[in-house]
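# pasting the structure only:
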């Protein structure tokens, strides 16, 4: 599987050494069958009583977020990074909708909770709202962490998420009007989202946009509509059971912190907001990268006691 894929290996060479995979920090690839989907998982099993599940966003995959996983594994935590349907090596025999992503995240969390472990979920980019929805469904989680929390019902969020203002204002409405046949088509992600803002480092961006299992892939129109038309499972004013940490990139050229604040400020749970110095949407720049890792590790340790 990923051993035969070269794109992520090219990315590794551009990452700080502490965020790279190695002989000591390497995942076991496995499949978990969920609702007619064979979900590919990168699993870093440490035998710890704490598990961290990391969700990528649109245009990601489980191997791309290994830069997120490596320092957590080095700290001794179990880490699980799934390929959500449409990306990576996950296989499926059905038409995928956004609820399938929530089902997958919830099932993985449930399996870890059955082992009597403390379980935390982390979401990057659009994975932030996914992690939130998983936390809504699984209230025994110990904590929720995200880099962004994007409520697509808000026009300002759509303005930044889409490729341009025309698509943000009219795109979803026009796609909703398409005959069902056309909604089954797959289109390049870069046609509908601002993928040029994915990462501020141009050399890394160039590598990522070549990844046909990630940012360089296509998205099913029906799936895209199901995600953009979705509402959170619990409105943030009623989300008060699980502690929340937002580690938002301070130099995010795609979705600035003000669009995440729209939703984050309404959450009533115990919460903390941290801006990552000089970090972009894909937060690999220092000092924000190390700042993020330290905040996440401290949060996990505090709420896994």
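Ah, there it is. Note that this is a predicted model, so its numbers are computed, not measured. Residues are numbered from 1 along each chain as shown.
# Tell me the confidence at residue 198?
Looking at residue 198, its pLDDT is 86.
# Surely it and residue 254 touch.
Yes: Residue 198 is in contact with residue 254 according to CB atoms under 8 Å; the separation is 6.6 Å. C-beta: built from backbone N, CA, C; applies to glycine.
# Look up phi and psi at residue 224.
phi -60, psi -40 (degrees, to the nearest 10).
# What is the least confident helix or strand in this structure?
Within the chain, confidence by mean pLDDT, DSSP states H and E is lowest for helix 165-166 among all helices and strands, at a mean of 46.
# Over to residue 151. Which of the three states is it?
coil (DSSP: H, G, I helix; E, B strand; the rest coil).
# need the helices for the stretch 1-150 of the chain, in chain order.
7-12, 66-74, 98-113, 127-137 (DSSP state H, counting those that start in this stretch).
# Please work out which of those is packed deepest.
Greatest average neighbour count among the helices of the stretch 1-150 of the chain goes to helix 127-137 (a mean of 25), per mean count of other CB atoms under 10 Å.
# Give me the contacts around that helix.
When contacts are defined by CB atoms under 8 Å, 6 or more residues apart in numbering, helix 127-137 is touched by residues 53-57, 60, 84, 101-102, 105-106, 109, 121-123, 141, 144-152, 232-234, 239, 242, 260.
# Show the buried residues in these.
Neighbour-count burial (16 or more other CB atoms under 10 Å) applied to the contacts of helix 127-137 gives 53-57, 60, 84, 101-102, 105-106, 109, 121-123, 141, 144-152, 232, 234, 239, 242, 260.
# so how many other residues sit close to residue 237?
The number of residues packed near residue 237 is 9, by other CB atoms under 10 Å.
# An error on my part: the question was meant for residue 114.
Each residue near residue 114 was counted by other CB under 10 Å, and the total is 8.
# and it, how far is that from residue 81?
According to CB to CB, to the nearest Å, residue 114 stands 19 Å off from residue 81.
# again with residue 249
As judged by CB to CB, residue 249 and residue 81 stand 19 Å apart.
# Comparing those two, which residue is more hemmed in?
Taking other CB under 10 Å, residue 249 and residue 81 do not tie; residue 249 has more neighbours (31 against 26).
# wait, that one sits on residue 147?
Yes: look at residue 249 against residue 147 with CB under 8 Å: they come within range, at 6.3 Å.
# Need the overlap of contacts for these two.
Joint contacts of residue 249 and residue 147 (CB under 8 Å, 6+ apart) are 281, 283.
# Low-confidence stretches in this protein?
Counting by pLDDT under 70, the chain contains low-confidence ranges at 161-185, 191-192.
# try 80
Applying pLDDT under 80 to the chain flags the ranges 6, 160-196, 215-217, 219.
# Please, which helix or strand holds the nearest residue to residue 99 once chain neighbours are set aside?
Among residues not flanking residue 99 along the chain, residue 226 sits closest, at 7.2 Å (CB to CB, 6 or more residues apart in numbering). Using DSSP states H and E, residue 226 falls within helix 221-228.
# chain center to the helix or strand just after that helix: distance?
Proceeding N to C from helix 221-228, the next assigned helix or strand is strand 244-249, under DSSP H and E. Strand 244-249 sits 13 Å away from the centroid of its parent chain (CA atoms, centre = their mean, to the nearest Å).
# okay, now the closest residue to residue 59 other than its chain neighbours: neighbour count?
Nearest residue to residue 59, sequence neighbours excluded (CB to CB, 6+ apart): residue 215, at 4.1 Å. Residues within reach of residue 215, counting by other CB under 10 Å, total 27.
# For residue 96, see how far away residue 215 is.
18 Å.
# And for residue 120?
To residue 96, residue 120 is 26 Å away according to CB to CB.
# Which residue of these two possesses the greater neighbour count?
residue 120 (30 against 18).
# Verify the stated contact: the more buried one with residue 52.
Yes: using CB under 8 Å, residue 120 is in contact with residue 52, at 4.9 Å.
# hey, what's in contact with both of those two?
Jointly contacting residue 120 and residue 52 under the rule CB under 8 Å, 6+ apart are residue 300.
# before we move on, the earlier item: I'd like the helices of the stretch 1-150 of the chain laid out as a markdown table, including distance to residue 268.
Output for these, formatted as a markdown table (distance: least, CB to CB, whole Å):
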| stretch | distance to residue 268 |
| --- | --- |
| helix 7-12 | 38 |
| helix 66-74 | 27 |
| helix 98-113 | 21 |
| helix 127-137 | 13 |
